[in-house]
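# Any chance you can model this:
(one chain, ligands or ions: 1)
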Amino acid sequence: MIPQLAFRDLTLGYDRHPAIHHLDGTVERGALLAVVGPNGAGKSTLFKGIVGLLRPLSGRVDLCGLDRREVAYLPQVADIDRSFPVSVYDLVAMGLWRSIGLFAGLGAQERHRIHHALEAVGLTGFERRPIGNLSGGQLQRVLFARLLLQDARVIVLDEPFNAIDAKTAADLFALVRRWHGEGRTILAALHDLEMVRTSFPEVLLLAREKVAWGPAEDVLTPANLQKARRMCEAFDEDASECRVAAE
Ligand SMILES: Nc1ncnc2c1ncn2[C@@H]1O[C@H](COP(=O)(O)OP(=O)(O)OP(=O)(O)O)[C@@H](O)[C@H]1O
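Predicted coordinates for the structure are as follows:
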């Protein structure tokens, strides 16, 4: 077992108000980890901390020697600015930034890779469409095509199957399985506990702090789920700054 990502007494939050408290734990290389918890449990916050969009209030995320550019991130579709005037092709091409740089032109090989990524998500022919007039499922397919090109060792997916049709969810989950088979490390925030039970070997249940972490059948017990709900309901949004953060 080789560690790929470690949380060390990690506290993350906004304006010094913690959303996740003192998280410890290790994600092994090649893990397929579901992160679950009630609304407001801190799943998106944790992912933003992993990809460096949010600096820890205290503690740290240890990438175990991996360059942060090797971590690919799928934000929630709701966080994507659909009014941004960019075509499907250009959005997918952004997945190549790490390998070819921001201002390099696209050669025949890169155009070929983009073509293949669009084909893999079933969007051949959509190249010139502005992202503003795609359906939610089509946009999610575009974002997965961009992930394909990123070719990252660690892939962090924030609610990848929310509000999309069953066929799209199945197609995109097939890609997740493929990445898992290739030995990549995958973390996904999910609400569909049935899908987690059937398809994810490992689960982190969050409720502002770790409730349980381990095999799905040990974590997703009625007692743990009830505990997580109670912890989130009891949380005081106006609580004062974390003691550790204030030090
Ligand atoms: N930009 C922000 N500024 C201030 N507080 C925020 C911000 N983003 C999230 N929060 C707060 O942090 C807490 C955790 O939110 P987060 O989005 O991480 O939860 P989540 O588990 O992803 O929830 P959901 O399942 O609803 O997406 C919530 O109380 C939320 O209100």
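
# And L54, how far from the ligand?
Between L54 and the ligand the computed distance is 9 Å (CB to the nearest ligand atom, to the nearest Å). Every C-beta, even on glycine, is put in place using the N, C-alpha and C of the backbone.

# Over to L5?
In this view, L5 and the ligand are 17 Å apart by CB to the nearest ligand atom.

# Surely that residue and D62 touch.
Yes: L5 is within contact range of D62, at 7.1 Å (criterion: CB atoms under 8 Å).

# Compare these two and say which one has the larger neighbour count.
L5 (22 against 15; other CB atoms under 10 Å).

# Quick check: phi and psi at that one.
Reported as degrees, to the nearest 10, the phi and psi values for L5 are phi -150, psi 130.

# which secondary structure element contains L139?
Assigned by DSSP states H and E, L139 belongs to helix 136-150.

# same thing with W97?
Here W97, judged by DSSP H and E, is contained in helix 97-100.

# mind listing the helices for the protein?
Assigned by DSSP state H, the helices in the chain fall at 43-51, 88-93, 97-100, 108-120, 136-150, 166-181, 193-199, 216-219, 222-233, 243-246.

# right, so of these, which gets closest to the ligand?
The ligand sits nearest to helix 43-51 of all the helices of the chain, at 3.3 Å, using CB to the nearest ligand atom.

# hey, what's the most centrally placed residue in the chain bridged with?
Nearest residue to the geometric centre of the chain (CA atoms, centre = their mean): L157, 2.3 Å. For L157, the beta-bridge partners are L74, A188 (DSSP bridges).

# need the contact list for the closest residue to Q150 other than its chain neighbours.
Spatial nearest neighbour of Q150, chain neighbours left out: A72 (4.2 Å); criterion: CB to CB, 6 or more residues apart in numbering. Going by CB atoms under 8 Å, 6 or more residues apart in numbering, A72 touches L147, Q150, A152, V154, I155, V156.

# I'd like the distance between A72 and D62.
Going from A72 to D62 by CB to CB, to the nearest Å gives 18 Å.

# Same question for R153.
Using CB to CB, R153 is found at 15 Å from D62.
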